[in-house]
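Undergrad: Here is my input; please provide its structure:
(one chain, ligands or ions: 3)
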Amino acid sequence: MDFSTEACDWNKAADSTLLDAKSDCIVVGVFDAQTLFGAAKRLDSITNGLVRRLVKSGDLGRKTGATLMLHEVDGVGASRVLLVGLGKPDALDPKTFTNVARAAWHAVLATRTTSVMWMLTQVTVNDRNSGWSARMSVLTLRELVYQYTRTKSSPAADEPHGSAIKRVIVVVNPGDKKVARIALKEGIAISNGIDLTRELGNLPSNICTPTYLADVAKQLAKDWNLMVEVLNRQQIEALRMGAFLSVAKGSPQLPQFIILQYQPFGEKQAPVVLIGKGITFDSGGISIKPGENMDEMKYDMCGAGSVLGTFRTIAEMGLKLNIIGLIPTCENMPSGYANKPGDIVTSLSGQTIEILNTDAEGRLILCDALTYAERFKPAAVIDIATLTGACVIALGSHNSGLFSKDDALADRLLAAGRYALDPAWRLPIDDEYCGQLKSNFADMANIGGRPASSVTAACFLSHFTKTYPWAHLDIAGTAWKSGSKKGATGRPVSLLTQFLIDWAK
Ligand code: BES
Ligand code: MN
Ligand code: ZN
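TA: Ligands and ions are numbered 1, 2, ... in the order given. Got it, this is the predicted structure:
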């Protein structure tokens, strides 16, 4: 799919070249109002009031995001014209714009359109510039076009056939061309990262093993000139990552510890470290989970997937920032070798942990990665994990849970999530909660009981983060969808990328 930009000033009487130009479809936004603006106004005048008549007749539904596909409109070079309802003028907030864009792409994808002239990027969106609109235009299209096919012998008949779209011209107002061109590149890079994250999440655990994730990291490194190191079990043992190893030892699948380095500034800048939970299947271990929906525990590596996806994105963008990715990855399985409730392990930090529930395994693999992160003298560390079912209960599927004792870091992440429409919601992590992790037999227990269990999970992690600013994202509710639309979402690649773009400034 090729994206490019064109500028057009509809106030210039002579400038109708874009309406004359040949394409399969032009996409024009129409506000619900007496007066038309921009492309819609010009289209209306060259068609002797067609747009106005369609609005008046009610055929273009009054709902925001309503679409009407017209064919062979006289005076227009394109063979199709898609009108898209924008609602009341001035009321286009970022979320509405995104929903409108989705609806428009959906209508275009229902046809065999191969080339699109996209005019929605000329509409003003509250608190956003045209770069944002251009980026979102790419993201919404690519989100709809992604299809999981890897383990299907033929695409199911009831699924949309992949996109026919080959070429998209994003039309912007004069003066916005440069911003838009950069934004399209960002949009493509972010979409590529999201696609990777979705694909890894969707793959079953018998394909997407710890070794598979390590191979993906190695391939990324090769393709994008990153440094990669993968530690095997012996090396992880030599490091004494006792908490991580204790989870891994229940499965014949070997654990891997992946280290990715993207360092355009070499040693000269303290890096941001991203740590992703990479449990490729979470059965619960000896504290085994109930059978219902257990298949979804193949998604328990989505934190790791989002780190790999974000690396793909920032490398493609050539972001000017040192970034390290750490991925502890293994399976959590019951067996004669597995952790048992009451077992006590020694973490890389030297702190001992009483494992009261073997299903609270994410924190056990993350804590050793958090300690390992110290060696990079990081400017900040963010871990991303499908950590607690309680986070799904608290926040559902709209917001990721954000935990941090560092207000400045938390605010940066919240702002990035809001801007990118990949939002997070901050939950507390006060010392009072941390008391719930007291153990009679070790320095701490790995669970703190049912009350606020997402918070006590974050408290647990905080014991390993004393030497740097740290934040934890619980993506248990946002990383994938359940039900008939079951599938990975690619979140929070957008949030993380925006956070890193802002940090690099
Ligand atoms: N991977 C799960 C968290 C999870 C559960 C994510 C359901 C999405 C949906 C995690 O390893 C886990 O099992 N957490 C336990 C912790 C508990 C034992 C304290 C949980 O949330 O039930
Ligand atoms: Mn678990
Ligand atoms: Zn888990």
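
Undergrad: From now on I want contacts and neighbour counts done on CA atoms only, so please keep to that.
TA: Noted.

Undergrad: Distance of the residue of the stretch 151-300 of the chain found nearest ligand 2 relative to ligand 1?
TA: Relative to ligand 2, the nearest point of the stretch 151-300 of the chain is G284 (4.8 Å; Cα to the ion). G284 is 6 Å from ligand 1, where distance means Cα to the nearest ligand atom, to the nearest Å.

Undergrad: for V179, same thing?
TA: With the distance defined as Cα to the nearest ligand atom, V179 ends up 38 Å from ligand 1.

Undergrad: okay, now that residue: neighbour count?
TA: Close neighbours of V179, defined as other Cα atoms under 10 Å, add up to 16.

Undergrad: secondary structure element for it?
TA: Assigned by DSSP states H and E, V179 falls within helix 177-202.

Undergrad: now do S205
TA: Using DSSP H and E, no helix or strand contains S205.

Undergrad: sorry, back to before: what's the helix holding V179 packed up against?
TA: Helix 177-202 sits against strand 2-7, helix 130-145, helix 302-317, strand 487-488, helix 493-504, with contacts defined as 3 or more Cα pairs under 8 Å, 6 or more residues apart in numbering; DSSP states H and E.

Undergrad: Now do whichever helix or strand A415 is part of and helix 493-504, the angle between them.
TA: In the assignment (DSSP H and E), A415 maps to helix 407-420. Relative orientation of helix 407-420 versus helix 493-504 (axes from the mean of the first three to the mean of the last three Cα atoms, to 10 degrees): 120 degrees.

Undergrad: My guess is A416 contacts L495. True?
TA: Yes - assessed by Cα atoms under 8 Å, A416 is found in contact with L495 at 5.5 Å.

Undergrad: which neighbours do those two share?
TA: Here A416 and L495 have D422, P423 as joint contacts, going by Cα atoms under 8 Å, 6 or more residues apart in numbering.

Undergrad: still on that earlier bit, now do the nearest residue to the residue of the stretch 151-300 of the chain closest to ligand 2 once chain neighbours are set aside: how many residues are near it, please.
TA: Excluding its sequence neighbours, the residue lying closest to G284 (Cα to Cα, 6 or more residues apart in numbering) is D359, at 4.1 Å. Neighbour count of D359, defined by other Cα under 10 Å: 25.

Undergrad: how about D359, phi and psi?
TA: When read as degrees, to the nearest 10, the backbone of D359 gives phi -80, psi -10.

Undergrad: going forward can the numbers begin at 59, since that is how I track them
TA: Let's use 59 as the start, then, which means that last one is D417.

Undergrad: Tell me which residues touch it, please.
TA: D417 touches D340, S341, G342, G343, I344, S345, I346, K347, N390, counting by Cα under 8 Å, 6+ apart.

Undergrad: Now do the second one, the pLDDT please.
TA: Pointing back at S341 there. With respect to pLDDT, S341 has a value of 98.

Undergrad: ok, back up a step: contacts only, for the residue of the stretch 209-358 of the chain closest to ligand 2.
TA: G342 makes contact with N390, M391, P392, T416, D417, A418, E419, according to Cα under 8 Å, 6+ apart.

Undergrad: and with 10 Å instead?
TA: G342 is in contact with P348, M352, M355, E389, N390, M391, P392, N415, T416, D417, A418, E419, counting by Cα atoms under 10 Å, 6 or more residues apart in numbering.

Undergrad: ok, the residue nearest to G367 when sequence neighbours are not counted to ligand 1 distance?
TA: Leaving aside its chain neighbours, G367 sits nearest to G251 (4.0 Å; criterion: Cα to Cα, 6+ apart). Counting by Cα to the nearest ligand atom, the separation of G251 from ligand 1 is 22 Å.

Undergrad: What's the local residue count around G251?
TA: Based on other Cα under 10 Å, the number of other residues close to G251 is 28.

Undergrad: surely P348 meets M355?
TA: No - assessed by Cα atoms under 10 Å, P348 is found out of contact with M355, at 11.4 Å.

Undergrad: intersection of neighbour lists for these two?
TA: Residues touching both P348 and M355 (Cα under 10 Å, 6+ apart): S341, G342.

Undergrad: what about the strands in the stretch 209-358 of the chain?
TA: Counting by DSSP state E, counting those that start in this stretch, one finds strands in the stretch 209-358 of the chain at the ranges 225-230, 285-289, 314-320, 330-334, 336-340.

Undergrad: deepest of those strands, which one?
TA: The highest average neighbour count among these, using mean count of other Cα atoms under 10 Å, belongs to strand 336-340 at a mean of 30.

Undergrad: what distance separates that strand from the centre of its chain?
TA: The chain centre lies 18 Å from the centre of strand 336-340; the measure is Cα atoms, centre = their mean, to the nearest Å.

Undergrad: Check which helices and strands that strand sits against.
TA: Secondary-structure packing of strand 336-340 (3 or more Cα pairs under 10 Å, 6 or more residues apart in numbering; DSSP states H and E): helix 268-282, strand 314-320, helix 360-375, strand 381-390, helix 420-431, strand 438-443.

Undergrad: Columns distance to Y206 and mean pLDDT on top of those, output as a markdown table?
TA: Formatted as a markdown table, the helices and strands packed on strand 336-340 follow (distance: least, Cα to Cα, whole Å; pLDDT from 0 to 100):
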| stretch | distance to Y206 | mean pLDDT |
| --- | --- | --- |
| helix 268-282 | 17 | 98 |
| strand 314-320 | 25 | 99 |
| helix 360-375 | 15 | 99 |
| strand 381-390 | 23 | 99 |
| helix 420-431 | 26 | 99 |
| strand 438-443 | 23 | 99 |
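
Undergrad: Please tabulate the ones you listed in JSON lines, including the columns distance to ligand 1.
TA: Compiled in JSON lines, these are given as follows (distance: least, Cα to the nearest ligand atom, whole Å):
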{"stretch": "helix 268-282", "distance to ligand 1": "16"}
{"stretch": "strand 314-320", "distance to ligand 1": "18"}
{"stretch": "helix 360-375", "distance to ligand 1": "10"}
{"stretch": "strand 381-390", "distance to ligand 1": "9"}
{"stretch": "helix 420-431", "distance to ligand 1": "5"}
{"stretch": "strand 438-443", "distance to ligand 1": "8"}
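
Undergrad: R120 contacts L126, doesn't it?
TA: No - with contact defined as Cα under 10 Å, R120 does not count as touching L126 (11.1 Å).

Undergrad: Overlap in contacts, those two.
TA: V142, G143.

Undergrad: Please name the residues that touch F369.
TA: F369 makes contact with 248, 251, 275, 278-279, 282, 284, 318-320, 332, 363, 375, 381-383, 551, 554-555, according to Cα under 10 Å, 6+ apart.

Undergrad: residues near R508, how many?
TA: By other Cα under 10 Å, the residues close to R508 number 10.

Undergrad: Report pLDDT for it.
TA: The model's pLDDT for R508 equals 96.

Undergrad: Confirm that it sits in a strand.
TA: No - per DSSP: H, G, I helix; E, B strand; the rest coil, R508 lies outside any strand segment and is coil.

Undergrad: ok, it to V403 distance?
TA: Distance check for R508 against V403: by Cα to Cα, to the nearest Å, it reads 22 Å.

Undergrad: and what of C266?
TA: In terms of Cα to Cα, C266 sits 27 Å off from V403.

Undergrad: name the element the closest residue to R421 other than its chain neighbours belongs to?
TA: If the residues on either side of it in the chain are set aside, R421 comes closest to L519, at 6.4 Å by Cα to Cα, 6+ apart. Assigned by DSSP H and E, L519 falls within helix 511-520.

Undergrad: Determine the set of other helices and strands touching the lowest-mean-pLDDT helix or strand in the chain.
TA: Ranked by mean pLDDT, DSSP states H and E, the helix or strand of the chain with the weakest confidence is helix 75-78, at a mean of 83. Contacts defined by 3+ Cα pairs under 10 Å, 6+ apart place helix 75-78 against helix 96-104.
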